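Trainee: below is the sequence, then the predicted model.
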Amino acid sequence: APPKGSPEHIAAVTGNIDERAVRSNAARTADWPAYGLDYAETRHSKLAEINAGNVGKLGLAWTYNLESTRGVEATPLVVDGIMYVTASWSVVHAVDVRTGKRLWSYDPKVPREYAQKGCCDVVNRGVALYKGKVFVGTFDGRLVALDAATGKPVWEKDTVEDRTRPYTVTGAPRVIKGKVIIGNGGAEYGVRGYLTAYDAETGEQKWRWYTVPGDPSKPFENEAMAKAAKTWDPAGQWWVTGGGGTAWNSITYDPELNLMYVGTGNGSPWNHRKRSPAGGDNLYLASIVALNPDTGEYVWHYQETPGDNWDYTSVQDMILTDLTLDGRKRKVILHAPKNGFFFVIDRTNGKFISAKPFTEVNWATGYDKHGRPIETPLARSREAFDSVPGPFGGHNWHAMSFNPKTGLAYFPVQNVPINLAEDKDWRFNENKPGQPQSGTGWNTGMLVNTQPPKSKAFGRLVAWDPVKQKEAWRQEYASPWNGGTLTTAGNLVFAGTADGRFAAYSADKGEKLWEAPIGVGMVAPPVTYEVDGRQYVSIAVGWGGVFGQFQRATDKHDLGRVYTFALGAEKPLPVVPAYPLGELISGVKYDPAHIAEGTRLYVSNCVFCHGVPGVDKGGNIPNLGYVPSRDIANLADFVFNGPFVKKGMPDFTGKLSADDVEKIKAFIQGTADAIRPKP
Ligand SMILES: O=C(O)c1cc(C(=O)O)c2c(n1)C(=O)C(=O)c1cc(C(=O)O)[nH]c1-2
Ligand SMILES: [Ca+2]
């Protein structure tokens, strides 16, 4: 037999990964060969060497440096001790679990100026593996097949059908029946969402399915689009903005039913009245859609948020399981989307079974028996209103897991306070001061925090009983934006937190049993697997994602790093450097009369990357209230083709004037002065 970790060994063990291997692995889950572990994406491991009785003896085996400075969201895949994990900028690393050493890495060299085309950090959620190839979707929208043994590209496809549009890819591809399936993002900017299937061997395109209809003056691609178009008002010219519905995260597959399920995203623009003035459900936004994986044909849909108006994506991870409900065994989908309700859906036909709020919700009081939300008057208010959950979601993309023994689903719940108001003057692609990120191409049709939000920020780990539709237990967290979960047959739940703790809880009761004080915020979900008879737990650490660009819950920061733990391992945790938060800026000269316009310019160009100066503390992108004061005094040097363009900062040449920059300076220094504690 070739030595473990040699190209021959890797070729042999990854060459075996096909549909049969993924399904047979589900019986014992020794490997972690697919994004959600199995096609049902349960993230439930049957390994129990590490269990509630001995988890206290878990220690660090090794760390691996991903050499990235931005968010790390990847689920690592592991087959016979060969790990594939991604870092920011879609860089792929192959790591030997037996040694913790690099086997190879692959950098798709995403042009850094592409960063401004993504709403939510230059992240990547991981790779897919099939018959000796590793598949990665790159931030700039390519799908690359790599030789699993060497990391050399085998084929590459451009998944973006229209390069004038800001499409990005952040999600992990899935392989279903020899086809690599990938969606995209961009609905904050204005795109038309779609999924594409490529032949895993050759890269040949097999099918493409749009999530929303195109221009109704042209023939619809299929019957599903014709049907969907009836739920949109042409007066909104949604096809100009794109309509949205981007499938940027979740895809699952039921081999018995031969159905794949995709979660779709929010509307482009967010504002329903701008997108579709006469109302309408706007299919297939914010829905779960079942497709035939062979052809990409529509089979059924269930829309969780009709007429989305709040960035309520339904792209959150789905879990396929069987539940006994009213004495009847049902094949269901479990889903906790941004809108704050936990859904149980019949996955054979898309019929609504139940939905209950898993967090505070103010846009709907519940769902009727037909599966339609009962909206509150506030939901489509013409005045500014606190959106609860807000656009960050009651639960975002952070992975959910389901343990069949406890019957509980585990996921991080949160509130990030946001106040929304209709942007009555919004026009497509009009870059106007005050419109959130319009300077970098956003088209939300909403204004953000024109009134200070009154809702409170929180984060918590929730164990949810989908039969009773009730919370079973919770652990309060220090902040929103916490990591996804893993659950095991050892009666455990593992999850990392925004404030840098990687912890294990008992799955049935939620007692904290173990904790590693890593120090750096975690957003990615952990995985577990067995190598040479030993069980390991790994988590890719790297603070970021949409909230993590400009906010933080720790005072430390580090390069991206994979941490791997095993029973009895005793490596000390690395000493993590302090986050270099400077002094509050002072002394930058400005004209106070410029502050009001500077505020509007800051909102339309800077705020969703840099946060509020002096108030937020910076995430993986610095807060401008705490950089050296001279940098703000010389702001134009940074704004116009400055030194950070090579790290992904936009070049605002031609977009902002020298006068605009003076006004932005006034806002930054003025805000810092306003919040400075009085002596
Ligand atoms: O509408 C979209 O197309 C789109 C794409 C993405 C993405 O691809 O990361 C996010 C969102 N929306 C989004 O609304 C959101 O909250 C979000 C968080 C994150 C992240 O990785 O932290 N991505 C995205
Ligand atoms: Ca979105």
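Mentor: Thanks, I have the structure now. Ligands and ions are numbered 1, 2, ... in the order given.
Trainee: could you count how many residues lie near Y298?
Mentor: 18 (other C-beta atoms under 10 Å). Just so you know, the C-beta spots here come from the backbone N, C-alpha and C atoms, and that holds for glycine as well.
Trainee: which residue packs closest to it, ignoring adjacent ones?
Mentor: In this structure, Y298 finds its nearest non-sequential neighbour in A224, 3.6 Å apart by C-beta to C-beta, 6 or more residues apart in numbering.
Trainee: again, but for V91
Mentor: Nearest to V91 is D107, by C-beta to C-beta, 6+ apart, at 4.9 Å.
Trainee: dihedrals phi and psi, that neighbour?
Mentor: In terms of degrees, to the nearest 10, the main-chain angles of D107 are phi -110, psi 110.
Trainee: number the chain from 23, please
Mentor: Sure, I'll start numbering at 23, so the last one becomes D129.
Trainee: that one: neighbour count?
Mentor: For D129, the neighbour count with other C-beta under 10 Å is 14.
Trainee: just the buried residues of the host helix or strand of A538, please?
Mentor: Using DSSP states H and E, A538 maps to strand 534-539. Within strand 534-539, the residues that count as buried by 16 or more other C-beta atoms under 10 Å are 535-536, 538.
Trainee: list the strands paired with it, with their directions.
Mentor: strand 523-528 (antiparallel) (DSSP bridges).
Trainee: CA atoms of the partner strand as PDB?
Mentor: The C-alpha trace of strand 523-528 is given here as PDB (Å, rounded to 0.1, in the frame of the first residue of the first chain):
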ATOM      1  CA  ARG A 523     -14.600  29.900  22.700                       C
ATOM      2  CA  PHE A 524     -14.800  26.500  21.100                       C
ATOM      3  CA  ALA A 525     -17.100  24.500  23.400                       C
ATOM      4  CA  ALA A 526     -18.900  21.100  23.700                       C
ATOM      5  CA  TYR A 527     -22.300  20.800  25.400                       C
ATOM      6  CA  SER A 528     -24.400  17.700  26.300                       C
END
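Trainee: name the helices or strands packed onto the helix or strand harbouring the residue nearest to Y320?
Mentor: Element membership for A246, per DSSP H and E: helix 245-251. Packing partners of helix 245-251 (3 or more C-beta pairs under 8 Å, 6 or more residues apart in numbering; DSSP states H and E): strand 319-325.
Trainee: show me what counts as buried in the helix or strand just after the strand it packs on.
Mentor: Remark: after strand 319-325, the chain's next helix or strand is strand 340-347, criterion DSSP H and E. Buried residues in strand 340-347, defined by neighbour count with 16+ other C-beta under 10 Å: 340-343, 345.
Trainee: tell me which of these is nearest to ligand 2?
Mentor: For the buried residues of strand 340-347, the minimum distance to ligand 2 (C-beta to the ion) is 17.4 Å, reached by M340.
Trainee: just checking, G461 touches N451?
Mentor: No. Using C-beta atoms under 8 Å as the test, G461 is too far from N451 to be in contact (11.2 Å).
Trainee: ok, these two, which is more surrounded?
Mentor: G461 (22 against 12).
Trainee: what about stretch 522-539, start to end distance?
Mentor: 6 Å (C-alpha to C-alpha, to the nearest Å).
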